[in-house]
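Engineer: Got a predicted model here, sequence first, then my questions.
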Amino acid sequence: MKFSKFGQKFTQPTGISQLMDDLGDALKSDQPVNMLGGGNPARIEAVNELFLETYQALGNDGSFREDINSTATSSMANYSNPQGDAAFIDALVGFFNRHYDWNLTSENIALTNGSQNAFFYLFNLFGGAFTDKKNQSIDKSILLPLTPEYIGYSDVHVEGQHFTAVLPHIDEVTHDGEEGFFKYRVDFDALENLPALTEGRIGAICCSRPTNPTGNVLTDEEMAHLAEIAKRYDVPLIIDNAYGMPFPNIIYSDVTLNWDDNTILCFSLSKIGLPGVRTGIIVAAPEVIAAVSAMNAVVNLSPTRFGASIATPLVENNAIKDLSDNDIKPFYQQQAKTAVTLLKKELGDYPLVIHKPEGAIFLWLWFKDLPISTSELYETLKEKGTLIVPSEYFFPGVDISDYKHAHECIRMSIAADKDTLTKGIAVIGEVVRELYDGAK
């Protein structure tokens, strides 16, 4: 059977397809797997209890019955419009205006079937073939000001890949008074002198905050500088808040969240504990929301309403923020401390450097001068029942063939329980020690 170029693009092996396949295989495996590779959030008791209570209340309220007069307006039995569930959008408008004073209206918010769906829309809206003022075709890219970046961005363009990326400054830093950590920072000198930017070949600037895969949190100063550059070149600044403020708020540093008409904010219900309901949120100027809604109509008819129904009362009464601040963030902060302690125990005398844990649900580990690539390390660890994600997939828009650092890092999830973390890190330690010892 022959597929079109579109079909061939989406059926070839990709980093995100490997990640999701491994995640699914691990969940159905009859052998124990130390799952340190996926993006599933942790199972936190307080989170699960609140969602269960809300879910049960929906059932009692008539959401699953054909009662059009129920408070939940039979949300499971009817499509929303292509923009998304109106009650949830109104709740979000109230929430953001209450906490941030952004003066949003319902025309500033659209829902999608998860944030991956949102970035498929946005990257194809702002990256690819454009027609310039002279009616000539010009190819524009999405500018990633700091790599490594999210594995799921790489292959969402309908045709080809349209990314321009900037490699980071790498600073050695301390963390909790300890050595052995580093932090990525935006190289603004390189960024501002990019020919693609100065010649008008950038369609949008995008960053995640905190960054997936590294847990790096761009400072307020870095964000303000990026916003200024975006306005100067008349392109939007897209900010991926899947792990960020205000929910699930897995950010340990003191930072602020800003929005204006030139900013596109993307949120998700996945990392607060609802990955299966596939609910993404876009906050943007009305023309962007109208475009996303039109794409929803073609691709999905309308976004799913299940996640919206569960989240609406939690947004209205601020429970989603309280849960994020008081349960989710502290949980992952402790998980990061536990994982760092275990890694130092296993590899304290070896060339391991850890990206400073500033947020998200991962640690980013740099094995300096590793004798093999981390893609090969991934395969060895997989054979031993431990899953991580190798660094090579996290550099869209960069030729990493001569960039050694891109072959020496792994992303390790810290969402697993302590027993799985302990066993998985022990396997990583054993394999990595053998590699370094064998190369002496």
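Structural biologist: The structure has been received and is ready for your questions.
Engineer: C-alpha only now, for contacts and for neighbours.
Structural biologist: Fine.
Engineer: which helices and strands does the lengthiest helix in the chain pack with?
Structural biologist: Longest helix in the chain, counting residues (DSSP state H): helix 418-438. Counting contacts by 3 or more CA pairs under 8 Å, 6 or more residues apart in numbering; DSSP states H and E, helix 418-438 packs against strand 34-35, helix 329-347, helix 374-383, strand 386-387.
Engineer: Go through the ones you listed and name the closest to K423.
Structural biologist: strand 34-35 (7.0 Å; CA to CA).
Engineer: what packs against the closest one?
Structural biologist: strand 386-387, helix 418-438.
Engineer: could you redo those as a markdown table and give each row mean neighbour count, mean pLDDT and distance to I250?
Structural biologist: As requested, these are exported to a markdown table (neighbours: other CA atoms under 10 Å; pLDDT from 0 to 100; distance: least, CA to CA, whole Å):
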| stretch | mean neighbour count | mean pLDDT | distance to I250 |
| --- | --- | --- | --- |
| strand 386-387 | 26 | 94 | 23 |
| helix 418-438 | 17 | 96 | 19 |
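Engineer: Now tabulate the ones you listed in TSV and tack on distance to D176.
Structural biologist: Shown next, in TSV, are the helices and strands packed on strand 34-35 (distance: least, CA to CA, whole Å):
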stretch	distance to D176
strand 386-387	28
helix 418-438	21
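Engineer: what sits up against stretch 415-426?
Structural biologist: Where contact means CA atoms under 8 Å, 6 or more residues apart in numbering, the residues beyond stretch 415-426 that reach it are 34-36, 40-43, 332, 335, 338-339, 342-343, 346, 361-362, 386, 414.
Engineer: how about D139, secondary structure?
Structural biologist: Following DSSP: H, G, I helix; E, B strand; the rest coil, D139 is assigned to strand.
Engineer: and the gap between I272 and Q8?
Structural biologist: Applying CA to CA, to the nearest Å, the value for I272 to Q8 is 34 Å.
Engineer: ranges for the helices of the stretch 51-200 of the chain?
Structural biologist: Using DSSP state H, counting those that start in this stretch, the helices of the stretch 51-200 of the chain run over residues 86-100, 115-126, 188-192, 195-198.
Engineer: For the stretch 251-400 of the chain, which segments count as helices?
Structural biologist: Going by DSSP H, counting those that start in this stretch, the stretch 251-400 of the chain shows helices at 286-299, 306-316, 319-323, 329-347, 374-383.
Engineer: elements contacting the first one?
Structural biologist: Translated: helix 286-299. strand 109-112, helix 115-126.
Engineer: Out of those, flag the one nearest L314.
Structural biologist: Comparing those by CA to CA, strand 109-112 comes nearest, at 16.6 Å.
Engineer: Can I get that closest one as CSV, trimmed to CA atoms?
Structural biologist: Extracted C-alpha coordinates of strand 109-112, given in CSV (Å, rounded to 0.1, in the frame of the first residue of the first chain):
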residue,chain,number,x,y,z
ILE,A,109,-9.1,31.2,24.8
ALA,A,110,-9.5,28.1,22.8
LEU,A,111,-9.3,24.4,23.8
THR,A,112,-7.5,21.6,22.0
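Engineer: check contacts around E221.
Structural biologist: E221 touches nothing, counting by CA under 8 Å, 6+ apart.
Engineer: May I have the secondary structure class of it?
Structural biologist: From three-state DSSP, the assignment for E221 is helix.
Engineer: so how many other residues sit close to N212?
Structural biologist: Neighbour count for N212, taken as other CA atoms under 10 Å: 28.
Engineer: Look up the pLDDT of it for me, please.
Structural biologist: We have a pLDDT of 95 for N212.
Engineer: can you check K9 too?
Structural biologist: For K9, pLDDT reads 69.
Engineer: How about G24?
Structural biologist: At G24, pLDDT is 66.
Engineer: Equivalent analysis for A57, please.
Structural biologist: A57 is given a pLDDT of 84.
Engineer: No further queries at this time; thank you.
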